[in-house]
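1. predicted coordinates and the sequence they were generated for:
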Amino acid sequence: MATEAIIDHVWGPRGADRDMVRQLVHRLRLKIEPDPNNPEYIETVAGLGYGFMKTTRNRLRMLLRYYRGVVSSSALMTPRFVFVT
């Protein structure tokens with residue numbers, strides 16, 4: 001997602017700036033990443049913004065399917081889709 005889109009969605013057109021978004025993503029990585037210096041969940045897309053890594057997107061899709069009743073809870077425990085709470 002483009003940094004400008006994040007700013008517009010969260011703060012509106014008069015919202016924050018790129019440095020604020022960069023700092024907030026850094027703080028989020030400190031909270032959720034096993035090693036914030038080698039992120040596994042949130043990637044920086046140079047010149048664009050931020051996004052979820054492919055494996056994270058797959059995990060989120062599977063979790064949504066679980067909550068919609070499409071897959072069973074055992075599918076969430078397969079090595080490919082292990083969720084950390």
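-> Here it is on my side, so go on.
2. could I get the contacting residues of the residue lying closest to Gly15 once chain neighbours are set aside?
-> Closest residue in space to Gly15, ignoring its immediate chain neighbours: Ile7 at 4.7 Å, by CB to CB, 6 or more residues apart in numbering. Just so you know, the C-beta spots here come from the backbone N, C-alpha and C atoms, and that holds for glycine as well. Neighbouring residues of Ile7 by CB atoms under 8 Å, 6 or more residues apart in numbering: 15-18, 21.
3. distance of Ile7 relative to Gly49?
-> As judged by CB to CB, to the nearest Å, Ile7 and Gly49 stand 10 Å apart.
4. likewise Asp19?
-> Here Asp19 is placed at a distance of 14 Å from Gly49 (CB to CB).
5. the more surrounded of these two?
-> Gly49 (18 against 8; other CB atoms under 10 Å).
6. ok, that one to Thr55 distance?
-> 19 Å.
7. pull up the distance across stretch 31-41, start to finish.
-> This stretch, stretch 31-41, spans 11 Å end to end (CA to CA, to the nearest Å).
8. show me what counts as buried in it.
-> Buried residues in stretch 31-41, counting neighbours by 16 or more other CB atoms under 10 Å, are found at 39, 41.
9. give the contact list for Thr55.
-> Glu40.
10. average pLDDT across whichever helix or strand it is part of?
-> Thr55 is part of helix 54-67, with elements assigned from DSSP states H and E. In this model, helix 54-67 carries a mean pLDDT of 71.
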